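> what's the 3D shape of this:
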Amino acid sequence: MDKELKTICGDAIEELKKIPDKSIRLIATDPPYNLNKNYGNNQDKLKFDEYLDFSRQWLTEAKRVLTDDGTMYVFMGMRYISYIYTILEQDLGMTFNSWITWYYTQGIGKTKGFSPRHDDILMFTKNPKKFVFHLDDVRVPQKYYRSVNNMRGANPGNVWEFSHMHYCNKNRKQHPTQKPEGLFERMILASSDPGDTVLDPFVGSGTALRVCQQTDRNGIGIDINPDYIDMTKERLSEKFDGFDSIDERMKRVPNDLNDPQIREEYIKNHVKWFLKNHPDAIGEFMQEVRDKYEPKMKESGQMSLFDLYGPELATVANS
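Residues are numbered from 1 along each chain as shown. As a prediction, this is how the structure comes out:
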């Protein structure tokens, strides 16, 4: 599938005005939180009313460009999230769907008060009932296999645990607020179809477009800093070895896979269902399969399953 990945250097509000009405299926973005972050050629430091006015303007344009069945995910810090919620619901008449908490284990340390360990993401839809949501594409493996459960997995819930983008991560870029690809993977898979156009008006290091590139979506990324546009273009040219973050539950092997036929079917499907974009995690998954079921697999003659997932992991994951 041909994908169009477009980067635009410019002011988000002005560039949004150039995008046609109802042409974007999904907006997933991490706007400035107004916390005095240094973004190179601009400082994230507006007066309170100025920041709300800025937010209202770009959100108004964002709603305009969304399709009638479109969805918007907006990252936001604690100080302003209630105001952003009010703008989306009360001022713009959008429909609240989910308040997602991104939990991470490491972050800023405080000695007076409790150290923050989460960011929040607001999910709003343009229509209260008719909007794209592919639950099967974002399910997580069950903890226990039961015939009454959906083998395809469970709803991931609204608390998402992904590691922060540590500076030692090989995919870490020179951007102060880079977000893990796993977060955008879940939003994009859930709320768009292959071939749809996804917009990030504050593209930063290019995470949204990188995920679009690997999931057959078209993408538009806007940023006022030309260095970040160059960073995004460079990132899109890099070799893909799997997304830089994963919900650890995706590697989970359900307990009680005792029926040999069900066990074999599940192991093969797990790789396609949960690890398609994470070939580097298949080895850990198969090691847990071995730890839990090796004696039973020897009895049932299923040890050849381990031979399936060797050097050609990426091919297997996408088959």
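> Not counting sequence-adjacent ones, nearest residue to Ile100?
The shortest distance from Ile100 to any non-neighbouring residue, by Cβ to Cβ, 6 or more residues apart in numbering, is to Ile121 (4.1 Å). For glycine as for every other residue, the C-beta is placed from the backbone atoms N, C-alpha and C.
> can you check Trp160 too?
Trp102 (5.1 Å).
> Ala190 too?
Nearest non-adjacent residue to Ala190, counting by Cβ to Cβ, 6+ apart: Val138, 4.7 Å away.
> show me the contacts for that neighbour.
Pro156, Arg186, Leu189, Ala190 (Cβ atoms under 8 Å, 6 or more residues apart in numbering).
> Of these - the most surrounded one?
Scoring these on neighbours with other Cβ atoms under 10 Å, the highest-scoring entry is Arg186 at 22 neighbours.
> and the next element down the chain from the helix or strand containing that one?
Assessed by DSSP states H and E, Arg186 sits inside helix 181-191. Using DSSP H and E, the helix or strand that follows helix 181-191 in sequence is strand 197-200.
> Mind listing residues that contact the helix or strand just after that following strand?
Using DSSP H and E, the helix or strand that follows strand 197-200 in sequence is helix 207-214. With contact meaning Cβ under 8 Å, 6+ apart, helix 207-214 is reached by 3, 5, 7, 28-29, 178-181, 183-185, 188, 198, 200, 203, 217-219, 221, 232, 235-236, 240, 243, 277.
> Quick one: work out the angle between helix 207-214 and helix 181-191.
60 degrees (axes from the mean of the first three to the mean of the last three Cα atoms, to 10 degrees).
> show me where this protein has helices.
12-16, 48-65, 81-86, 181-191, 207-214, 226-236, 260-274, 282-299, 305-308, 313-317 (DSSP state H).
> do you know which of the ones you listed lies nearest Arg152?
helix 260-274 (6.4 Å; Cβ to Cβ).
> by contact count, what packs against that closest one?
helix 282-299, helix 305-308, helix 313-317 (3 or more Cβ pairs under 8 Å, 6 or more residues apart in numbering; DSSP states H and E).
> What are the buried residues along that helix?
Neighbour-count burial for helix 260-274 flags Arg263, Glu264, Tyr266, Ile267, His270, Val271, Trp273, Phe274 (criterion: 16 or more other Cβ atoms under 10 Å).
> Just the pLDDT at the second one, thanks.
pLDDT, Glu264: 93.
> Show the backbone phi and psi for the nearest residue to Arg146 once chain neighbours are set aside.
Of all residues not flanking Arg146 in the chain, Asp256 sits nearest, at 7.3 Å (Cβ to Cβ, 6+ apart). With angles defined as degrees, to the nearest 10, Asp256 sits at phi 70, psi 30.
> check contacts around Asp256.
Asp256 neighbours (Cβ under 8 Å, 6+ apart): Tyr144, Tyr145, Arg146.
> Using CSV, please lay out these together with neighbour count.
Below are the contacts of Asp256 laid out as CSV (neighbours: other Cβ atoms under 10 Å):
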residue, neighbour count
Tyr144, 9
Tyr145, 18
Arg146, 11
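> now the residues you listed as a markdown table including pLDDT and distance to Pro194?
What follows is those, written out as a markdown table (pLDDT from 0 to 100; distance: Cβ to Cβ, whole Å):
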| residue | pLDDT | distance to Pro194 |
| --- | --- | --- |
| Tyr144 | 92 | 32 |
| Tyr145 | 89 | 30 |
| Arg146 | 84 | 32 |
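> Tell me, how many residues neighbour Lys22?
14.
> Output the below-cut-off pLDDT ranges for the protein.
By pLDDT under 70, the weakly predicted segments of the chain are 1-2, 35-44, 107, 164-178, 310-319.
> Show me how it divides into domains.
Annotated domains of the chain cover 5-236, 253-317 [automatic domain parsing].
> Of the ones you listed, which is nearest Asp247?
Among the domains of the chain, domain 5-236 sits nearest to Asp247 (Cβ to Cβ), with 6.2 Å.
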